[in-house]
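>>> okay, predicted coordinates and the sequence, questions at the end:
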Amino acid sequence: LEAGTAGQVADLEVATSYSCADLINGCKATTKEEFGWAVFRSSLLIFFLYFFLFFLDLMGGAFKVLGGCTAGAMFDGLSNPIAGLMVGIIATVLVQSSSTSTSIVVSLVGSDAMTVPVAIPVIMGEIILLYTGLVQHSPGPTLLSQVAVDEAPYTIADCTESCKATTKEEFGWAAFRTCLLIFFLYFFLFFLDLMGGAFKVLGGCTAGAMFDGLSNPVAGLMVGIIATVLVQSSSTSTSIVVSLVGSDAMTVPVAIPVIMGANIGTSVTNTIVSFGQINDLDQFERAFSGATVHDMFNMLSVAVILPIEIIFHPLEEMTAAMKPTDVDDGEKWEGPIKKWVAPLVKRVLNANKDIIKATAKGESCEDIYAAVADGTGKGLIKCGDVYNPFDGTETYVCPAFYKSKATKADDMASGAVALFISILGLCFCLYGLVKTLQSMVMATSTALLKRATDINPYLAMIVGCGITLLVQSSSITTSVLTPLVGMDVIKLENMLPLTLGANIGTTATALLASMVSDKPESVQIALCHFFFNVFGILIWFPIPFMREVPLRAARQLGWLTRRHRGFPAVYIFFMFIIMPLILLGTSSLFESKGAYVVIGAFLVLVYAAIFFRIVYFFYKQDGWTVFAAKLEEWQAASDFKKVAMEKVLALEEKVALLESGMGGTVVAKKDGAVL
């Protein structure tokens, strides 16, 4: 870089001392071929300039046609210079070019769709982004596109040469690894879906009852977290909320915090998946950071948007204006990948999600199972039509764990066994996935893999959204990507937009669920779910220093993971179970009367004091260093306990030899290490 800069400076100095005589001599020395190329380039420049002006004029005409009746009214709202400034900033971020947005403004002014006083603040917004370096004025790298200076870019020619140099044996191994990867991936999705079904069975009565009688936004948020952790699927919990709103069992203001809580609760799955790489500290640190970046984004979005929603109700008011007056009954769409995985899962365990909805509406599991005993109802595990992906037909199948006229205890036992099997299967498939991917990474150029995954972040969002639409679960999307982050195939900076895309993709489930209801309010709450994620992205992603907040928090959690391997388990247990239960219990005090309200207020003050004390400790008293040192101390004590028995036995044997007068040296070993 220094050499290049020096060269540019030297060229600049030469250019400033270039005289007219030098110019004439340069023209005389020009050959006919060079002169021809100069004429060709000039003609090409005129051609492109002409058609640039042509298309600019055409765009102006199109704006006149499209906005002839409404353009004046639309841009009346931009009479406020602050609004114009914000429009300029947002438009330039979206198109990633101040040249493009400026051309659009010029076209609008030329077509009388915008006045000059209105256009000036818009242009100023573009200039702010241009000079802060957030966008490029000329065509070039878009926002966040970075190329490492210590790695040479991997070109298509390099890829072609690499393929030509591959032998038949290497091609065979590559095909075998690919088949193995598909095998492990399919059964990873199978056991993940089976685990979700087992959680629905085990938590069906509890999770549904939690939704009943909610009126406090904090309680709604905590219930959303806990219920989603119990059923291991935000798609399920949001669909339940949508159905409750559609049946008038829950109002939209109460449902919005529950939807936000579901967004947080769904991120626990890929955090658990990161434990598959616990044996390698480097991979475990990266995997845990890649998993918790989802947690951090969702928690930060809730921390900002929920208070605003409680005070000003922007989501409720905006979606109320957008909701339809009537909704036609439709059919729930199921992703193509789900169609291949779900049939096998339903032959093993088919969870009855209607139980959760029924208990959420006030029914008790005892009444439901009384109907099951009479043969008039269905329990937590049911028979049903199973789709055959090979011939497109449906067959009525009773799953392996189904028992006719089963009691609640029978179904709970079946759910527990299914959960145990799914966890074992997940561990096995995750181990196979990681090992297969490691083998493929070792056999493939690292530069090629990083080039394939280092895409524009906004394109990465679209990819994440598309994958989630296919698998119908953001948990599955992020869980599959987490091991790749651990192996350093996907960088943490690239994992964030993929995760955000998955968040957007999972809102499609709630929108589709709302289409089978005849209540417009169900569509409204589905739109709230969508716009909550969109607003979260707009707050935390486009501006680089804001984007660093969730990334830095995730890196910090990964760093603590290296200090003690048990830290992630404590983090999951506290953040997704203990803290939601504490806050849920505290919020319930405010729904009571008399002294309970005073106790609740006192506890809130205590929590606030503890929070500010922790913040002060970490940021003013070098708390990170103290905490990390304590974690390392605990890890060292844990490691010592693992070998303490062998050391004690070796010492006892040596003491016995010394007491007998034999002397000698006794050496105990474990895994090749001298104790």
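Nice, I can see it.
>>> name the nearest residue to residue 468, sequence neighbours excluded.
Once flanking residues are discounted, residue 468 sits nearest to residue 505: 2.7 Å by C-beta to C-beta, 6 or more residues apart in numbering. From N, CA and C alone the C-beta is placed, and that goes for glycine too.
>>> next: residue 368.
residue 377 (5.9 Å).
>>> that neighbour in helix, strand or coil?
At residue 377 the chain is in coil, as set by DSSP: H, G, I helix; E, B strand; the rest coil.
>>> so how far is residue 358 from it?
Residue 377 sits 10 Å away from residue 358, going by C-beta to C-beta, to the nearest Å.
>>> also residue 594?
Look at residue 594 and residue 358: by C-beta to C-beta, they are 34 Å apart.
>>> what about those two, which has more around it?
residue 358 (19 against 7; other C-beta atoms under 10 Å).
>>> one step back: pLDDT wise, what is the residue nearest to residue 368 at?
Confidence at residue 377, expressed as pLDDT, is 78.
>>> again with residue 287
So residue 287 comes in at 90 (pLDDT).
>>> same question, the one 4 residues further on
Reading off the confidence values, residue 291 has pLDDT 90.
>>> residue 294 too?
Note on residue 294: pLDDT of 90.
>>> swap in residue 82?
58.
>>> how many neighbours does residue 433 have?
22.
>>> before we move on, the earlier item: dump the strand or helix carrying the residue nearest to residue 468 to CSV, restricted to CA.
If you go by DSSP states H and E, residue 505 is part of helix 492-514. The C-alpha coordinates for helix 492-514 follow below in CSV (Å, rounded to 0.1, in the frame of the first residue of the first chain):
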residue,chain,number,x,y,z
LEU,A,492,-18.6,-14.3,12.5
GLU,A,493,-19.2,-11.1,10.5
ASN,A,494,-20.8,-13.2,7.7
MET,A,495,-22.8,-15.3,10.2
LEU,A,496,-24.7,-12.2,11.5
PRO,A,497,-26.5,-11.3,8.2
LEU,A,498,-27.3,-15.0,7.6
THR,A,499,-28.9,-15.1,11.0
LEU,A,500,-30.8,-11.9,10.4
GLY,A,501,-32.1,-13.4,7.1
ALA,A,502,-33.2,-16.5,9.0
ASN,A,503,-35.1,-14.2,11.4
ILE,A,504,-37.0,-12.7,8.5
GLY,A,505,-37.6,-16.1,6.9
THR,A,506,-39.2,-17.5,10.1
THR,A,507,-41.8,-14.8,10.1
ALA,A,508,-43.3,-16.4,6.9
THR,A,509,-44.6,-19.2,9.2
ALA,A,510,-46.6,-16.8,11.2
LEU,A,511,-47.9,-15.0,8.1
LEU,A,512,-48.9,-18.4,6.6
ALA,A,513,-50.6,-19.4,9.9
SER,A,514,-52.6,-16.2,9.9
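>>> give me the mean pLDDT for that helix.
Here the average pLDDT along helix 492-514 is 81.
>>> quick one: the helix or strand following that helix to helix 492-514, angle?
Once the chain leaves helix 492-514, the next helix or strand it forms, by DSSP H and E, is helix 520-540. In terms of direction (axes from the mean of the first three to the mean of the last three C-alpha atoms, to 10 degrees), helix 520-540 departs from helix 492-514 by 170 degrees.
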